[in-house]
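> Structure, please.
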Amino acid sequence: MIVDDEHPGAARVAVELHVGGHFRAATALSLTAPSPAATEGVQLGGATVGHSGDWRGPAQLEQRPDRAGVIVIDVSPASATLVTVA
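Sure, this is the predicted structure:
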């Protein structure tokens, strides 16, 4: 889990995960919203999360390749990203 608690207007961050050469890729599932206190405009994996918590996940998670043992994850401010390395 990568959490960026910077204010919503801050710059995106590229996080480098040094995982070695044993992995092929990673998947990323991001939780985003207009602000940390938002109750509208909340998205998980690019799909809207309803007021009651209802959510229909994406058909496929975002893939990030392993390039020479490094996986780069772009993280938006005021968001969280669940990364699974495989």
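> CA atoms only for the host helix or strand of Q63, dumped as CSV, please.
For Q63, the host element (DSSP states H and E) is strand 62-65. Extracted in CSV, the C-alpha atoms of strand 62-65 (Å, rounded to 0.1, in the frame of the first residue of the first chain):
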residue,chain,number,x,y,z
GLU,A,62,-3.6,-1.5,-14.2
GLN,A,63,-0.4,-3.4,-15.0
ARG,A,64,3.1,-2.1,-14.3
PRO,A,65,6.0,-3.9,-15.9
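> Quick check: buried residues in the helix or strand following that strand?
Using DSSP H and E, the next helix or strand after strand 62-65 towards the C-terminus is strand 70-75. Within strand 70-75, the residues that count as buried by 16 or more other CB atoms under 10 Å are 71, 73, 75. For glycine as for every other residue, the C-beta is placed from the backbone atoms N, C-alpha and C.
> quick one, what contacts the residue lying closest to V13 once chain neighbours are set aside?
Excluding the flanking residues, the one nearest V13 by CB to CB, 6 or more residues apart in numbering is V75, at 4.9 Å. Residues near V75 by CB atoms under 8 Å, 6 or more residues apart in numbering: 2, 4, 12-15, 30, 81.
> One more: D4?
When contacts are counted by CB under 8 Å, 6+ apart, D4 touches 10, 13, 75-80.
> quick one on the thing from earlier: please report the distance of the residue nearest to V13 from T48.
With distances taken as CB to CB, to the nearest Å, V75 is found 20 Å from T48.
> I figured I71 hits P65, correct?
Yes. The pair I71 / P65 is scored as a contact, 7.2 Å apart, by CB atoms under 8 Å.
> follow-up on the earlier one: ok, of the buried residues of strand 70-75, which one's closest to H22?
Relative to H22, the closest of the buried residues of strand 70-75 is I71; by CB to CB it sits at 11.8 Å.
> Tell me which stretches of this structure form strands.
Applying DSSP state E to the chain gives strands spanning 2-4, 13-18, 25-32, 43-44, 47-48, 62-65, 70-75, 79-85.
> Counting neighbours, what do you get for the closest residue in space to V85 that isn't next to it in sequence?
Computed as CB to CB, 6+ apart, the closest residue to V85 that is not its neighbour in sequence is A26, at 4.5 Å. A26 has 20 neighbours, counted by other CB atoms under 10 Å.
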